[in-house]
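**Student:** Provided below are the primary sequence and the corresponding predicted coordinates.
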Amino acid sequence: MRNLYTLLYGLLLPAVLLRLYWRGCKAPQYRQRWLERLGFYKMPSRQGVIWIHAVSVGEVEAAFPLIAHFRHSHPQLPILVTTTTPTGSARVRAALAGQVEHVYLPYDLPAVVERFLKCFRPRLAVMMEKEIWPNLFAACAAQNIPLFIVNARLSARSARSYRKIPGLVKPALACVTMVAVQTEEDRLRFIEIGAAPQQVQVLGNIKFDVTIDAAVIAGGRALKQQLFAKRWVWIVASTHQGEEEIFLALYPVLKVSIPELLLLIVPRHPERFQAVKKLCEQQGLAVVMRSEQRQCHEQTDVYIADSMGELKMLYAAADLAFVGGSLVPVGGHNVLEPAAIGVTVLFGPEMFNFQEIAERILALKGAIQCRDRQAIIDAVLRVYRDIAFRKRLIDNGRLFVENNQGATKRVAGLLAEYL
């Protein structure tokens, strides 16, 4: 089965590279450093690395506590972080420049994987959340590189897809030393798709171990005073196509009851910054882009954060947060960061990638789930008008995060046995 997979992947590689080039027309970062994806590197690398792979921004953020632990406990060992997307790459470079080495993950072809492993010679491989690459995993096993999938989660939808290709997935999982999953449901789903029961441990969710630097909070509050003075800031974060239209339609409705309302939009992908600006202008709304470094005036309707790596600070500058990717079938994004920062959290119905977290934070009344547009209006108005209610949501959300921390220490303990 893996031979067929390799053949098909090789035949499709020209199309994959063409798509990379096409995406680079809108986002030039996709066309940069493309040779890294084929296992060719401009500079020689340190070998014997601790290798951590995180697909994009969400996985990179989740990996930060684990990276910090390794840098503290094994300062002599070099760390390599790979990503798949340019946004993930930008986040690594912004937060860890000079602290770790970074390249793109190689395409899953035997020759490409061999070049990658020969260059870096990992002593440990750590995949964040849900990465299964048959050729890469087989190569790690052949070279006796301990391989882990950590902070692993597997939705019912993904499990159904993996069950359709058991001849590919089961041998790949056989190459994994251990899968450290977030919940018991994740453990059962990994076993369903081919992992051995003794291979899977429930160690919790590293994302709960989010640390918010005091300087980030101070920066957010300063931004509120400098740019958003006298405005009630509603941040809609990590939005995807189809979501901004909903919030822009709700904005004039809410503005009647909240005259000082300012809508702060943070699109998930940089290539959409200008498209979102154009969408706002088509609605006749006054827009300020963060890159313009202009203050918002009373007439400003929308502030678009066309920047990377500032989401935590922007949460700290807001009065209310709606976490995007949850009004369209994307599966939601991380609600733990705004909860930890201390801002009221709303999200939509499409939270299948964070189902367990969503259910638990709702049970503790630490957030509000909005099923439709009217529910969003009702939630925003109640949070705005009822200060005591808003404070309870914030306190419960922060407590939810604090009470579930500790997964990083457990995962690090597991990995330390193999260093």
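**Tutor:** Good, I have the coordinates.

**Student:** what about Cys25, how many neighbours?
**Tutor:** When neighbours are defined as other C-beta atoms under 10 Å, Cys25 has 10 of them. Backbone N, C-alpha and C define where each C-beta goes, glycine included.

**Student:** Give me the secondary structure label for it.
**Tutor:** Following DSSP: H, G, I helix; E, B strand; the rest coil, the label given to Cys25 is helix.

**Student:** Could you check how far it is from Pro270?
**Tutor:** Here the criterion is C-beta to C-beta, to the nearest Å. By it, Cys25 lies 14 Å from Pro270.

**Student:** overlap in contacts of those two?
**Tutor:** Shared contacts of Cys25 and Pro270 (C-beta atoms under 8 Å, 6 or more residues apart in numbering): none.

**Student:** Mind splitting this protein into its structural domains?
**Tutor:** Using automatic domain parsing, the domain parsing of the chain gives 2-205+406-416, 214-402.

**Student:** Can you lay out these as a markdown table showing mean pLDDT?
**Tutor:** Shown next, in a markdown table, are the domains of the chain (pLDDT from 0 to 100):
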| stretch | mean pLDDT |
| --- | --- |
| domain 2-205+406-416 | 94 |
| domain 214-402 | 96 |
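
**Student:** now the strands for this protein?
**Tutor:** 50-53, 79-83, 101-104, 124-128, 147-152, 178-181, 200-202, 232-239, 261-267, 287-289, 302-304, 320-323, 344-347, 368-369 (DSSP state E).

**Student:** Just put those in a markdown table and tack on distance to His333.
**Tutor:** Listed next are the strands of the chain as a markdown table, based on distance: least, C-beta to C-beta, whole Å:
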| stretch | distance to His333 |
| --- | --- |
| strand 50-53 | 19 |
| strand 79-83 | 17 |
| strand 101-104 | 22 |
| strand 124-128 | 15 |
| strand 147-152 | 15 |
| strand 178-181 | 20 |
| strand 200-202 | 23 |
| strand 232-239 | 4 |
| strand 261-267 | 10 |
| strand 287-289 | 22 |
| strand 302-304 | 18 |
| strand 320-323 | 5 |
| strand 344-347 | 8 |
| strand 368-369 | 14 |
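
**Student:** Now render the ones you listed as TSV, adding mean neighbour count and distance to Ile165.
**Tutor:** Listed next are the strands of the chain as TSV, based on neighbours: other C-beta atoms under 10 Å; distance: least, C-beta to C-beta, whole Å:
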stretch	mean neighbour count	distance to Ile165
strand 50-53	24	21
strand 79-83	24	24
strand 101-104	20	25
strand 124-128	26	18
strand 147-152	26	17
strand 178-181	24	18
strand 200-202	18	19
strand 232-239	24	30
strand 261-267	24	33
strand 287-289	19	44
strand 302-304	25	41
strand 320-323	27	32
strand 344-347	26	32
strand 368-369	20	33
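
**Student:** No further questions, thank you.
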